[in-house]
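Visitor: the amino acid sequence is not available; the structure is as follows:
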């Protein structure tokens, strides 16, 4: 049985201005793995996440996610809705919608029935410990709570891969640890593959595996 | 429950979140719609009132001079009335009407229908006389209620025209048609004399025997007198629309186009600003799997909702404007404020078009965002 959920083969991402953000990256991620990508600002971490998350395409190379080669996928929106959950550095919730509604957004992309969406949103809010924040809008939530809602949203469609681009970057250390503990817990209980970028060695220490990125190349595997 | 409920929630909340801007946009669209509703209603009322004046004859057929646009310039020999009446058995009765406009003073004109006194009841029902009586002989005149209100003349007094001509006011009528109520009815002979059109009528009204097929009569009369055009009364309404109405129509549409352009520019400006401000939000929606079509629906939905709200406000403003304008003494004699559903349906269609056009480019631009670039947007 194929245990690989992500396989990046020789991917390069070069921009028109000559900047090479990623240079011949080869990376395999197994199902259920908690992988941390470490690296300084500008090392290409976000570009790598964008490519394996189907938000950007590599200049050369191939990316397989759950057995699908992304360059052959015509509808990447549909792919993202079905296969990938995103947790961004800035929680990136929609400010006019409440917590439950924000969580329903990815389900809405898959045309899930309203009743089913609402039920699932409540389940997820309970899972992230925010059962009592259903009707709260983002401005009414603390930074940590917002990030919990973002995690719940990322899990909405049961994706095979959850990507976190510095999910603790704007949080205080204590809240950051709580968020990582929650992600780790979900990784263990739900079995979702987690790929997270960070500067924080504390976060990295929780990972199953660490990949170090420098100037667009993988410099070290742990 | 409805699958797209969340899309509509988001549309509604986005508009509500930017209350002041949304309100000004709705008012802007509303003003455009109000202009369209008011101008179209007034033009349509004017046409309706005019057409009603023809229907008032209650004739089955109307004969006018062929080859003219509109009927006001029509001139037919009065002698033809008798000839037609005696020649065609199917014609039970025929009579002539002469339409004219006469000056009461340098600034005041009076529209007059010249009728044969014995036929005046064919134009005005007895129960429509609200004071005095019908004209019975030469030298008399009856005024419509609206004409009476501005004439300053009482029943029993003389209505004085320029060139020292006068007719005695013997009655006042009210039909409910503002146009007709702004007319006067006087004996045909008097109107012919005052307009130097002796022996002429504008149109011949034909009353057919019950069960007669109008088409046969039309063919027969037009064959007999090719210089006449004979039409059933409803068709005359269209023919009768005066020459100037075409210009009124052109003006109405011209003004509507300007109003639409104003509305489109206002909506496009608001929606462009909204899309720019929410670039990151749109990036999030794209990242979590919303299709370009859904993003398009979101932005177009917002602009359509603004335009529908604008239609609501615009309709109310338009109705207010129509009542305001028609209550003015100069206009009230010619147009009564009657609201036509058709005008509101056109205005709604225009509002929706305006929303689509105004939202089209911002919506298209939003769908062209790359989620990566949009998420980087500060």
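Guide: Ah, there it is. Note that the structure is a prediction, hence the values are computed from the model and not measured.

Visitor: any idea which residue sits dead centre in chain A?
Guide: residue A:163 (1.5 Å; C-alpha atoms, centre = their mean).

Visitor: does residue A:129 sit in a helix, a strand or a coil?
Guide: Per DSSP: H, G, I helix; E, B strand; the rest coil, the local secondary structure of residue A:129 is coil.

Visitor: with residue A:143 as the reference, measure out to it.
Guide: Applying C-beta to C-beta, to the nearest Å, the value for residue A:129 to residue A:143 is 15 Å. The C-beta positions use only the backbone N, C-alpha and C, and glycine is treated the same way.

Visitor: might you name the residue of chain A sitting closest to chain B?
Guide: residue A:81 (2.5 Å; C-beta to the nearest C-beta).

Visitor: shouldn't that residue be within a helix?
Guide: Yes - Residue A:81 forms part of a helix when assessed by three-state DSSP.

Visitor: what count of nearby residues applies to the nearest residue to it once chain neighbours are set aside?
Guide: Closest residue to residue A:81 apart from its sequence neighbours, by C-beta to C-beta, 6 or more residues apart in numbering or on different chains: residue B:289 at 2.5 Å. Using other C-beta atoms under 10 Å in any protein chain shown, the number of residues around residue B:289 comes to 30.

Visitor: sec struct for residue B:289, please.
Guide: Of the three states, residue B:289 takes coil according to three-state DSSP.

Visitor: for the residue of chain A closest to chain B, what are its contacts?
Guide: A:106, A:109, A:110, A:157, B:288, B:289, B:290 (C-beta atoms under 8 Å, 6 or more residues apart in numbering or on different chains).

Visitor: if we go by neighbour counts, what in stretch B:291-306 is buried?
Guide: B:291-292, B:294-306 (16 or more other C-beta atoms under 10 Å in any protein chain shown).

Visitor: with stretch B:89-107 instead?
Guide: B:91, B:94, B:95, B:96, B:97, B:98, B:99, B:100, B:102, B:104.

Visitor: that one - what's its average pLDDT?
Guide: Mean pLDDT, stretch B:89-107: 82.

Visitor: quick one: contacts for the closest residue to chain A within the stretch 151-300 of chain B?
Guide: Proximity of the stretch 151-300 of chain B to chain A (C-beta to the nearest C-beta) peaks at residue B:289, 2.5 Å away. Counting by C-beta under 8 Å, 6+ apart, residue B:289 touches A:77, A:78, A:79, A:80, A:81, A:82, A:106, A:109, A:110, A:157.

Visitor: what about 6 Å?
Guide: A:77, A:80, A:81, A:106, A:109 (C-beta atoms under 6 Å, 6 or more residues apart in numbering or on different chains).

Visitor: then residue B:140?
Guide: B:168, B:170.

Visitor: per-residue pLDDT of it, please?
Guide: 93.

Visitor: so what sits opposite it in the bridge?
Guide: residue B:168 (DSSP bridges).

Visitor: which one of the contacts of residue A:81 is nearest to residue B:228?
Guide: Looking at the contacts of residue A:81 and their distance to residue B:228, the nearest is residue B:290, at 69.2 Å (C-beta to C-beta).

Visitor: next, count neighbours for the closest one.
Guide: Neighbour tally, residue B:290, other C-beta under 10 Å: 23.

Visitor: and the gap between it and residue B:231?
Guide: 60 Å.

Visitor: then residue B:42?
Guide: For residue B:42, the distance to residue B:231 - C-beta to C-beta - is 27 Å.

Visitor: pretty sure residue B:32 sits in a strand.
Guide: No - secondary structure of residue B:32 (three-state DSSP): helix, not part of a strand.

Visitor: got a list of what it touches?
Guide: B:259, B:262, B:263.

Visitor: can you check the pLDDT for the first one?
Guide: At residue B:259, the model reports a pLDDT of 86.

Visitor: pretty sure it contacts residue B:36?
Guide: Yes - taking contacts as C-beta atoms under 6 Å, residue B:259 lies within contact range of residue B:36: 5.3 Å.
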